[in-house]
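>>> Predicted model follows, preceded by the sequence.
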Amino acid sequence: MKFALLAKTFNKIESTSGTLAKIDLLVKLFRGTSSDLVDKIIYLMAGHPSWMDEPEIGIAEKSAIKAVAQVHGISVSKLEEKLGKLSGQPESITVDLGALVESLKKSTRQKTLFDEGPLTITEVYESLKSIARFSGSGSSAKKLRSLEALLRRASPAEGKWIIRMVEGKFRIGIADKAILDALAITYTGDKVNRNVIETAYNICTDLGLIARTLAYEGLDGIKNIRIRVGVPIKMMLGQRLPTIEEILKKFGGTCGCEFKYDGIRIQAHKKGEIITLFSRNLEKITKQFPDVGEQIKRLPHDQVIVEGECVAIDPETQKLRPFQELMHRRRKFDIDKAIKQYRVKLFLFDLLYLNGKSYLNEKYEDRRRVLEETIAGSEMGLAEQRIVDNVDDFENFLEESLNSGCEGLMAKALNSKYTAGARGWSWIKFKFSYQEQLTDTIDLVIVGALMGRGKRAGAYGSLFGAIYNPDTDQFEISCKIASGFTDMDLEQFKKTFSSLQLVNKDSRVIDSPTIKPDVWFEPKVVLEVKGDEITLSSKYPAARDVIRKGYGLSIRFPRLVTIREDKKPEDATTRDELIQLYETQRTLQGKAKN
Ligand code: ATP
């Protein structure tokens, strides 16, 4: 199958608004694709040459720019200028490199090299895979040369999508959920089968593998999908409740309480000597935490999947250090130095897989017992736990947790399974702040900005944040964030957001006529914010009409807490959570009055 056909379909999907219409186009594409190609198309869309143990493409934006400059005989600085990347250029509508390649190829009418025939999907896929596999000395140069060779053969539209694949910036506004819908329609004829496919996807998030299984074996094959060590499992999440009484009631009087550590979640996979660490949004973070990887490697078992929270610690006293310290470890360079300067410890709290056996359907109590045995003798920590059956014990343990530098407690149902990808009622988080007033943080996807004035001229002065509605797969704007930014944050925003600028609003973003950003962004970055209160608002569309007709929910005086690099836009606070937080706040305010 020719790659040109794929590029044409992607162009169509990109310019189509509305998720359903985009899904229709994907279905058409899959229907015209042979079974052996469907996984390759999906991996190309993800900018990933495949899952299992494969390295990433590994071409940074700067190198991609170099390759484009070389192919078109222009200087790197000229290209950077066109991209709006030079200092003092943040206001310009920056073009992404893919779109720039397309227009360069069109305008220079550079001859596409058809000597070897037009590009096929398999060729592009295999080239990117071999680019990913170059390693060791001289690998950067080899990667660049291969990319240049691919670009030379590409037509304008093909060049655009090759660059976007390499950069992992696909921008066709289609999330995994929509791809699952399209797969269900294509291979089972009915969208209702999405649920079965999604269940398999939650325990084996290799979307290419899911698609290939569906194409060859249909739904029966999907039902036989099992955990694969090295392929991340969607993480189980918790709910919130405002009072200890309600939590105990929910669990029939007794539950397991664990310290809620304030760090980043890691799902660690061990397959013999191969260790892979995944973040909350299932990105590989093995390279950033080689020290944690070594500790996992030393576990005396061949195949293991465990989860825990990685926290900064003081190596002398073993005391927990603030979350901000851990952020110094989320870097790609100078890792050895950072390891020495900022020590971390992984506190494990769950076991998902051990030597060929899945523990997902085992009870929490049993998983915890086997976890303890599995990590016995390791330098890693085990999350502090206590079984509680009354308010006093819960409060005492909460106090212990806070005194140790934790955020609060995770209460867990003793007989609960590990439900991959679900935010269910088997885990309930309880932060101290719930008892005072509503001060839990909220995670918002940034979808647009107003340009700064005065001291903030030239920067993105305030950002529009949105919550996520999983039912409609849309982002509903909830507030404008303008506080809590340091100068460093403003610099960081310039770098991060300028490459996400869009000419038009993303079709998944819900705004209202009174919201007028200067620029729109591709919904990608999640910021954690802390507000004073959740208020009813006629201006913002988040959860509109739920509490009061004509009103949405907004966050009063939101301040930036941190950038949540470990969260995808779909992991932001959901519409239901925001409503729940509003209800909780009302309950607490009512209590305070009485
Ligand atoms: P948050 O934004 O508070 O990190 P979240 O959206 O990542 O939450 P939740 O289900 O709301 O996920 O809260 C659980 C999170 O708390 C986990 O993702 C994990 O990172 C962290 N955590 C810390 N200690 C524990 C623990 N003992 N058990 C489970 N999760 C824990």
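Done, it's in. All values derive from a computational prediction rather than experimental measurement.
>>> Buried residues of the helix ranked longest in the chain, list them for me.
Secondary structure of the chain per DSSP state H: the longest helix is helix 575-593. Buried residues in helix 575-593, counted by 16 or more other CB atoms under 10 Å: Arg575, Asp576, Glu577, Leu578, Ile579, Gln580, Leu581, Tyr582, Thr584, Gln585, Leu588. For the C-beta atoms, the positions are set from N, CA and C on the backbone; glycine is no exception.
>>> Next, format those residues as JSON lines and append pLDDT and distance to the ligand.
As requested, the buried residues of helix 575-593 are exported to JSON lines (pLDDT from 0 to 100; distance: CB to the nearest ligand atom, whole Å):
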{"residue": "Arg575", "pLDDT": "96", "distance to the ligand": "15"}
{"residue": "Asp576", "pLDDT": "94", "distance to the ligand": "13"}
{"residue": "Glu577", "pLDDT": "93", "distance to the ligand": "9"}
{"residue": "Leu578", "pLDDT": "94", "distance to the ligand": "13"}
{"residue": "Ile579", "pLDDT": "94", "distance to the ligand": "16"}
{"residue": "Gln580", "pLDDT": "89", "distance to the ligand": "12"}
{"residue": "Leu581", "pLDDT": "89", "distance to the ligand": "12"}
{"residue": "Tyr582", "pLDDT": "90", "distance to the ligand": "17"}
{"residue": "Thr584", "pLDDT": "82", "distance to the ligand": "14"}
{"residue": "Gln585", "pLDDT": "83", "distance to the ligand": "17"}
{"residue": "Leu588", "pLDDT": "73", "distance to the ligand": "18"}
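>>> Can I get these in CSV including distance to His72?
As requested, these are exported to CSV (distance: CB to CB, whole Å):
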residue, distance to His72
Arg575, 45
Asp576, 49
Glu577, 47
Leu578, 47
Ile579, 51
Gln580, 53
Leu581, 51
Tyr582, 53
Thr584, 56
Gln585, 56
Leu588, 61
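>>> Could you single out the nearest of those to Val311?
Distance ranking of the buried residues of helix 575-593 against Val311, using CB to CB, places Glu577 first at 24.1 Å.
>>> so what's the closest one up against?
Glu577 makes contacts with Arg240, Ile467, as judged by CB atoms under 8 Å, 6 or more residues apart in numbering.
>>> Show me which residues of the stretch 151-300 of the chain are close to the ligand?
Neighbours of the ligand within the stretch 151-300 of the chain, by CB under 6 Å from any ligand atom: Leu237, Gly238, Glu258, Phe259, Lys260, Tyr261, Arg265, Arg280.
>>> Verify the stated contact: the third one with Leu409.
Right, the one you point to is Glu258. Yes: look at Glu258 against Leu409 with CB atoms under 8 Å: they come within range, at 6.6 Å.
>>> the more surrounded of these two?
Legend: neighbour count by other CB atoms under 10 Å for Glu258 and Leu409, higher for Leu409 (30 against 24).
>>> what kind of secondary structure is the more buried one in?
Using DSSP: H, G, I helix; E, B strand; the rest coil, the structure places Leu409 in strand.
>>> From the ligand, how far off is it?
8 Å (CB to the nearest ligand atom, to the nearest Å).
>>> dump the residue contacts of that residue.
Cys257, Glu258, Phe259, Lys260, Phe394, Phe397, Leu398, Ser401, Lys429, Phe430.
>>> What number of residues are in the vicinity of the fifth one?
The reference is to Phe394. Close neighbours of Phe394, defined as other CB under 10 Å, add up to 21.
>>> how long is stretch 375-393 end to end?
27 Å (CA to CA, to the nearest Å).
>>> where are the low-confidence patches of the stretch 401-550 of the chain?
432-439 (pLDDT under 70).
>>> In it, which residue sits nearest the ligand?
Closest to the ligand within the stretch 401-550 of the chain is Met410: 4.0 Å, counting by CB to the nearest ligand atom.
>>> my guess is that residue contacts Glu258, does it?
Yes: the pair Met410 / Glu258 is scored as a contact, 4.8 Å apart, by CB under 8 Å.
>>> any residues in contact with both of the two?
In terms of CB under 8 Å, 6+ apart, Met410 and Glu258 are both contacted by the residues Phe349.
>>> In helices, which of the residues of the stretch 151-300 of the chain next to the ligand fall?
Counting by DSSP H, these contribute nothing to helices.
>>> Would you mind identifying the helix or strand in the protein with the lowest mean pLDDT?
Lowest on mean pLDDT, DSSP states H and E among the helices and strands of the chain sits helix 433-436, with a mean of 51.
>>> And the next helix or strand past that one?
Using DSSP states H and E, the helix or strand that follows helix 433-436 in sequence is strand 442-451.
>>> Walk me through which strands that following strand pairs with, and which way each runs.
Strand 442-451 pairs in its sheet with strand 460-469 (antiparallel), strand 519-521 (antiparallel), strand 526-530 (antiparallel), by DSSP bridges.
>>> Adding mean neighbour count and distance to the ligand, write those strands out as a markdown table.
A markdown table is the format used below for the strands paired with strand 442-451 (neighbours: other CB atoms under 10 Å; distance: least, CB to the nearest ligand atom, whole Å):
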| stretch | mean neighbour count | distance to the ligand |
| --- | --- | --- |
| strand 460-469 | 25 | 11 |
| strand 519-521 | 22 | 21 |
| strand 526-530 | 21 | 7 |
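>>> Would you tell me which of these gets closest to Gln295?
Each of the strands paired with strand 442-451 has some distance to Gln295 by CB to CB; the shortest is strand 526-530, at 27.6 Å.
>>> Just give me how far the closest one sits from the chain centre.
Relative to the centre of its chain, strand 526-530 is centred 14 Å away, using CA atoms, centre = their mean, to the nearest Å.
>>> Show residues contacting the next helix or strand after that strand.
The first helix or strand that comes after strand 526-530 along the chain, using DSSP H and E, is strand 533-537. Residues outside strand 533-537 that contact it (CB under 8 Å, 6+ apart): 438, 547-548, 551-557, 578, 581-582, 585.
>>> Next, the angle from strand 533-537 to helix 575-593.
Put simply, strand 533-537 runs at 110 degrees to helix 575-593, going by axes from the mean of the first three to the mean of the last three CA atoms, to 10 degrees.
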